[in-house]
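A.B. asks: My questions are about this predicted structure, shown below with the sequence.
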Amino acid sequence: MTVLDDLLLFTALASVAIIALRRFASISKFSVVVYALATVLLIKMSALGYGGEPVYSSFTVNVLGQILQWRFDALSWFFALITLVSALLAAFFMSGAWGEKYCKEHSKEAYGLLQVALILNVLSMLVLLASGDLLSLFIGWELVSWASFMMMALNPDKLARKAAIKYIVYAMAGAMAFLMAIAMTYNMTGSLDYVQVMQGMAHLSNSQIALLVSLYVMGFGIKMGVIPFHLWQAAAYAETPGAGAVFMGAISARMGLYALLVVIVQIIGLTRVAAIEIPYTFLDMQNVLAWVGALTTIIPTYIALKQNDARHLLAWHGVGQGGYMLLGVMISDSIGTAGGIMHVFNHATYQAALFMTVTAVIYRTGTSNFSKLGGLVTQMPLTFMVMVVSIIGLAGIPPMNGFVSKWLIYRALLLDGQPLLFVAAVIGTLGTILSVYKLVHNTFLGQLRLEHQEVREAPLSMLIPMLGLAIIIFATGVMPGVVLDWVAAAQIAVGIAPVEHNLGGIELVQGGLDMIWVTGIMFYGFAVGAIIFYVLGGKSKHIHQYDNYAGGHFLTSKVRYHYSNHFYAGLMHMIGGWYRNVFIKLEHALVSLVSFMSQFSENFYRSSQPVMLVAVVVVLALYFVLGSSGGAEVSAGVSLGGFNQ
């Protein structure tokens, strides 16, 4: 047995154990140990992260002459590392006070099911990431979809159940597109094995490649939540129970990007994608996918700006950040793809941390509604600090890790001569900065509400993973070369030239990036500012937040100087007309069409006589049989005539 066998078998057995032990109080600590041991097994394959040879499973299955196999390469290892560490931190987060409160508010059975859903998500993702052919990839794909649905459906709230149902409907549509693409690939190439399919793609025409790419992108795009398949994701992730949302928001949707990297980038190749011209336009299919990524960075981000609930704001940002990943990959050079792949890691760190901070606020206050929050910085300073570090990463501001991956994407766009895409990416970042300020202001700044005077800091079991993520966000921002080593190995695995880098950043003739110098200069500036204000400045006086003066009025507890409704009223006055719910209307139109067709088919079946239905089937069958026979006779006649001559 190989180390990959050990990892998959261990996770499968752990799933059985957690299902059996879900009602026991020890399940929390047991699950933390499980994810820690699984991470250790993954670390034993860490050579993959530095260009090592793929690790194959000794277990294979023969299905109708097709050999299903599983293996880990550098790309699989990179995504698996994010998956397991996210699960470990989520399990630790809910192992203490949060889990106890969840049991009281719901039941031990509900908490046990949450643990079951988490391990099933991890197992299904590992199966997907280890796939060695298209059929095993599809099996893992479906397992991930249903495990995700289980996690989402655990919230008994009506809105949450509705969001979960919408997700699984979208997921089934994506699975049908994916399955159709697999069937066509097999028909065109005669195989489902990655290597053999890759060789067969070289003999396909551009029209065949265009059809395959369209189907694959539809399937993967739904999982990623890119425009126009984005409407399911925000509500589904936001309404998932707290610790589950931490995990889902960090990595779940990125399984779509993994499949896209394997199929579109590695097997088909971006060169073939770029050769597909879109009729009556100046665009090719690669440009179209890049613009899909760019629009995904903008539209969901500005939808996030309107949210009045912290969970929904973060969930919409999760959709938008996926656009940066797709945009980076579609640039197709070493710098852009490095930025897109690295952004998966960076986003997982700060998105998980942000969901943890919001969940901690809900734990202490009972709400994530901005209209009912404010001023919590004095009560929860460590949680506030984690949120500040995380939103700096999300906004792409140095010295946090989000700046590095976004800088790589920006730089690649400029070097590739794509100024419009660059402007689109910057517009998305501007919206991110605006909305994350709204998040931190309406949650922690402003005046503290009277009912929150006794709120305390989050429990230690929740603080430890939050602070750990904050350290990772900062450390990988200052020393991005640690992550870029893994990214470069993943690039090689999918056939892209690796980015040249060092510990501090990347090396470019046109101007590189050294985050160690950038961070040093920033801290030097902070130090100078601190000396000016705190040493050379005048004496400061601390006053209570209610002993204040603004707008010609003395402020008291009766006059709250903290407004969250219409937070960006001026901006919304200018851009409010753009919010026309176009995609929601399109979705409703599609649902209406499908409902009409379903009702029409049902009525036809119920109202028609069985004899009539049989007659229709027989006529259609005869038409196709006779049509095929006629075509065969004509072909035979032509062939015979040629032979006689």
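C.D. replies: Happy to help now that I have it.

A.B. asks: where does the stretch 451-600 of the chain have low pLDDT?
C.D. replies: Within the stretch 451-600 of the chain, the stretches falling below the threshold (pLDDT under 70) are 538, 545-546, 548-565, 580-581, 600.

A.B. asks: now the helices for it?
C.D. replies: Assigned by DSSP state H, counting those that start in this stretch, the stretch 451-600 of the chain shows helices spanning 460-478, 481-493, 515-530, 569-575, 582-607.

A.B. asks: Torsion angles phi and psi at the residue lying closest to Ser86 once chain neighbours are set aside?
C.D. replies: Spatial nearest neighbour of Ser86, excluding adjacent residues (CB to CB, 6 or more residues apart in numbering): Ala250 at 4.2 Å. All C-beta spots, glycine's among them, are computed from the backbone N, C-alpha and C. Main-chain torsions, Ala250, degrees, to the nearest 10: phi -80, psi -40.

A.B. asks: With Asp133 instead?
C.D. replies: Dihedral angles (degrees, to the nearest 10) for Asp133: phi -160, psi 170.

A.B. asks: One more: Asp284?
C.D. replies: Per degrees, to the nearest 10, the backbone of Asp284 is at phi -110, psi 180.

A.B. asks: show me the contacts for it.
C.D. replies: Neighbour list for Asp284: Val273, Ala274, Ala275, Ile276, Glu277, Ile278 [criterion: CB atoms under 8 Å, 6 or more residues apart in numbering].

A.B. asks: Ala181 too?
C.D. replies: When contacts are counted by CB under 8 Å, 6+ apart, Ala181 touches Leu212, Leu215, Tyr216, Gly219.

A.B. asks: Report the contact partners of the residue nearest to Ser86.
C.D. replies: Ile82, Ser86, Ala90, His347, Ala348, Thr349, Gln351, Ala352, Phe355.

A.B. asks: Looks like Ser119 contacts Ala38 (just checking).
C.D. replies: Wrong residue type there; residue 119 is Ile, not Ser. No: if you go by CB atoms under 8 Å, Ile119 and Ala38 don't touch, sitting 9.6 Å apart.

A.B. asks: any shared contact partners between the two?
C.D. replies: Thr11, Ala14.

A.B. asks: Out of the helices of the stretch 451-600 of the chain, which is the most enclosed?
C.D. replies: Stretch with highest mean neighbour count among these: helix 481-493 (a mean of 22; mean count of other CB atoms under 10 Å).

A.B. asks: Pull up the gap between Ser28 and Ala352, please.
C.D. replies: In this view, Ser28 and Ala352 are 18 Å apart by CB to CB, to the nearest Å.

A.B. asks: again with Phe403
C.D. replies: To Ala352, Phe403 is 18 Å away according to CB to CB.

A.B. asks: Compare the two (neighbour count), which wins?
C.D. replies: Ala352 (29 against 21; other CB atoms under 10 Å).

A.B. asks: Assess the claim that the more buried one and Leu88 are in contact.
C.D. replies: No: Ala352 is beyond contact range of Leu88, at 10.7 Å (criterion: CB under 8 Å).

A.B. asks: related to what we said a few turns ago, would you turn the contacts of Ala181 into a markdown table with distance to Gly431?
C.D. replies: Formatted as a markdown table, these follow (distance: CB to CB, whole Å):
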| residue | distance to Gly431 |
| --- | --- |
| Leu212 | 34 |
| Leu215 | 31 |
| Tyr216 | 29 |
| Gly219 | 28 |
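
A.B. asks: Can you tell me the closest non-neighbouring residue to Ser145?
C.D. replies: Excluding the flanking residues, the one nearest Ser145 by CB to CB, 6+ apart is Ala171, at 4.2 Å.

A.B. asks: Give me the pLDDT for that neighbour.
C.D. replies: As predicted, Ala171 sits at a pLDDT of 94.

A.B. asks: right, and it touches Ala147 too?
C.D. replies: No: Ala171 lies out of contact with Ala147 (CB under 8 Å); the separation is 11.0 Å.

A.B. asks: how close does Ala470 sit to Thr365?
C.D. replies: In terms of CB to CB, Ala470 sits 21 Å off from Thr365.

A.B. asks: Contacts only, for the residue nearest to the spatial centre of the chain.
C.D. replies: With distances taken as CA atoms, centre = their mean, Ala253 lies nearest the centre of the chain, 3.3 Å away. Contacts for Ala253 were tallied using CB under 8 Å, 6+ apart; they are Lys223, Met224, Gly225, Gln233, Gly318, Val319, Gly322.

A.B. asks: swap the cut-off to 6 Å and go again
C.D. replies: Residues counted as contacts of Ala253 (CB atoms under 6 Å, 6 or more residues apart in numbering) are Met224, Gly225, Gly322.

A.B. asks: Next: Ile209.
C.D. replies: Ile209 neighbours (CB under 6 Å, 6+ apart): Arg272.

A.B. asks: what helix or strand is it on?
C.D. replies: Ile209 belongs to helix 206-224 when elements are defined using DSSP states H and E.

A.B. asks: average pLDDT across that helix?
C.D. replies: pLDDT averaged over helix 206-224 gives 95.

A.B. asks: Report the buried residues of that helix.
C.D. replies: Of the residues in helix 206-224, 209-213, 215-224 count as buried by neighbour count, 16 or more other CB atoms under 10 Å.

A.B. asks: That'll do, ta.
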